[in-house]
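Visitor: Got a predicted structure plus its sequence, pasted below:
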Amino acid sequence: MHPLSLRDEEVQALGEHGWFTREGFLGESEARALLVEARACVEAGRLRPAGIRRGADLTLDRSTRGDFITWVEPGEADTAFGRLRDTYTALGEALSAGAYLGLGRFDLQLAWYPGGGERYARHADAFPGQSNRRVTAIYYLNPEWTPEHGGLLRLYPEGGPVDVEPRLDRLVVFLSERIEHEVLPARAPRLALTAWFYGRDAG
Ligand SMILES: O=C(O)CCC(=O)C(=O)O
Ligand SMILES: [Fe+2]
């Protein structure tokens with residue numbers, strides 16, 4: 001696994017604004033290898049409609065959240081998914097060392113929006129005070145993205161909304177408790193691999 005270091009401006013942006021993006025995170029050929037594996041999962045029917053958690057209940061409300069997901073488990077070392085797990089492990093370590101975030105394990109999810117206008121309404125990935133998700137890292141796999149395809153990630157930091165185009169090989173990292181966000185309607189297939197890092201004390 002190659003070491004991963006955060007740039008000063010990334011650490012600074014995370015502290016000050018709660019988010020940063022990095023272009024060319026893995027490079028084109030690794031991004032395309034991930035895209036092949038992600039598409040194969042979709043075509044094999046591995047993905048399921050995503051639900052929304054309300055208290056203890058998981059409900060399906062497709063107008064609020066229209067993506068399809070699967071969890072990517074450890075143990076696929078010689079695959080692009082396995083290499084991405086290693087890279088996210090290194091990212092968690094770099095965030096802990098550079099930004100004092102004290103991160104432990106993470107969950108990894110593949111999400112697919114078919115492209116018929118599905119969205120994910122504004123939400124936070126974690127709620128302040130609970131020891132749960134601390135950092136969200138999303139890696140996009142959409143090689144021919146254009147503005148007509150929609151599916152922008154809209155972040156709501158203090159100071160007003162920011163849109164992130166879900167382009168191939170782009171990483172976005174934000175603080176799960178602090179940054180609300182939404183996915184605007186996707187008008188073309190949209191793929192992303194998201195890691196949620198838990199605090200070290202989360203078990
Ligand atoms: O794919 C994205 O850009 C964000 C998805 C999201 O907010 C989530 O799965 O919690
Ligand atoms: Fe989210």
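Guide: Great, that's in hand. The structure displayed is predicted, hence computed values, not measured ones. Ligands and ions are numbered 1, 2, ... in the order given.

Visitor: how about the residues of the chain near ligand 1?
Guide: 111, 120, 125, 138, 153, 166, 181, 183, 192, 194 (CB under 6 Å from any ligand atom). C-beta here means a position set from N, CA and C on the backbone, and glycine is covered the same way.

Visitor: Just list whatever residues bridge to the fifth one.
Guide: When bridges are assigned using DSSP bridges, the partners listed for residue 153 are residue 164, residue 183.

Visitor: Please report the distance of it from residue 29.
Guide: Residue 153 is 24 Å from residue 29, where distance means CB to CB, to the nearest Å.

Visitor: Looking at these two, which is more packed in?
Guide: Counted by other CB atoms under 10 Å, residue 153 and residue 29 do not tie: residue 153 has more neighbours, with 22 against 10.

Visitor: pretty sure residue 38 belongs to a strand, no?
Guide: No - applying DSSP: H, G, I helix; E, B strand; the rest coil, one finds residue 38 to be helix, outside a strand.

Visitor: Give me the spatial nearest neighbour of it, chain neighbours excluded.
Guide: residue 191 (5.0 Å; CB to CB, 6 or more residues apart in numbering).

Visitor: Return the residues in contact with that neighbour.
Guide: Applying CB atoms under 8 Å, 6 or more residues apart in numbering to residue 191 gives the contacts 35, 38, 39, 42, 110, 111, 112, 140, 141, 142.

Visitor: how far does the host helix or strand of it sit from the chain's center?
Guide: Take DSSP states H and E as the rule and residue 191 turns out to sit in strand 190-199. Chain-centre distance of strand 190-199: 3 Å, with CA atoms, centre = their mean, to the nearest Å.
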